[in-house]
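**Student:** Predicted model and sequence below, questions to follow.
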Amino acid sequence: MDPVKKVEGKAYPWGAKNIDTDIIIPAHWLKTISREGLGKGAFESIRAQPGNIFDDPDYAGSPILIAGDNFGCGSSREHAAWALADMGIKAVIAPSYSDIFSGNAFKNGIVAVVLPQDAIDRLIEVAKTDEVTVDLETMTITTPFQDRFAFDMDPFRRNCLMQGLDEVGLTLARDTAISKYESAVDLDRPWLKREGGNEGVVVA
């Protein structure tokens with residue numbers, strides 16, 4: 001997972017409410033076990049509509065999505081976060097999220113920012129013409145018009161995002177402590193150590 005300290009650029013000024021994970025990525029895309037290519041199926045039903053925001057060349061490749069209340073509700077599919085990441089979205093700004101989606105977003109390096117509706121409304125207007133900056137170091141979202149919106153985030157999640165640590169990375173970061181513990185166990189309880197991998201294992 002790549003470290004995320006700041007996300008800046010164009011933003012999709014969408015603002016739609018109660019967008020569930022089936023809208024983010026339809027069920028027929030869930031047959032794959034790969035994260036690659038899911039961006040093509042992201043918001044498929046929305047993209048079927050003429051003049052939709054996701055196919056508007058003015059917002060092509062935007063790394064930020066401004067959404068409405070209760071974003072990511074519905075099923076717990078992690079594919080929703082995979083699809084957003086694959087289409088290049090690194091941050092979502094909304095008044096609220098489903099708990100499962102916000103957790104999946106975090107685990108996949110997507111910054112999920114919570115702001116009140118009046119701030120969302122303002123950012124949607126700005127994003128129609130100008131860029132937006134999400135800064136994890138200062139915990140603010142700013143615009144070229146001196147708008148400055150402070151947000152809160154769980155310190156653990158913020159630290160992991162800024163260091164690029166997913167669950168595997170967190171484990172590897174403790175490699176020295178894990179190795180030290182295992183060495184101590186080998187000395188303290190040598191009967192647990194199995195030379196060659198299968199000694200002492202009884203197969204019925």
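**Tutor:** Received it, and whenever you're ready, just let me know what you need.
**Student:** and Gly72, how far is that from Ile24?
**Tutor:** 7 Å (C-beta to C-beta, to the nearest Å). In short, each C-beta sits where N, CA and C put it, glycine included.
**Student:** Would you mind telling me which of the two has the busier surroundings?
**Tutor:** Taking neighbours as other C-beta atoms under 10 Å, Gly72 and Ile24 compare with Gly72 leading, 30 against 27.
**Student:** who does the lengthiest helix in the chain touch, helix- and strand-wise?
**Tutor:** When the chain is parsed with DSSP state H, its longest helix is helix 175-188. Counting contacts by 3 or more C-beta pairs under 8 Å, 6 or more residues apart in numbering; DSSP states H and E, helix 175-188 is packed against no other helix or strand.
**Student:** Shouldn't Tyr12 be within a helix?
**Tutor:** No. Assessed with DSSP: H, G, I helix; E, B strand; the rest coil, Tyr12 is strand; it does not lie in a helix.
**Student:** who does it bridge with?
**Tutor:** Leu65 (DSSP bridges).
**Student:** Enumerate every residue touching Thr133.
**Tutor:** Residues in contact with Thr133 (C-beta atoms under 8 Å, 6 or more residues apart in numbering) are Lys6, Val7, Glu8, Ile141, Thr142, Thr143.
**Student:** Derive a PyMOL selection command for the buried subset of these.
**Tutor:** Applied in PyMOL, the following selects the buried portion of those according to 16 or more other C-beta atoms under 10 Å:
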select buried, resi 7+8+141+142+143
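**Student:** picking up where we left off before, need the residues touching each of Gly72 and Ile24.
**Tutor:** In contact with both Gly72 and Ile24: Ala80, using C-beta under 8 Å, 6+ apart.
**Student:** and after whichever helix or strand Phe149 is part of, which helix or strand comes next?
**Tutor:** Secondary structure from DSSP states H and E places Phe149 in strand 148-150. For strand 148-150, the succeeding helix or strand toward the C-terminus, using DSSP H and E, is helix 155-163.
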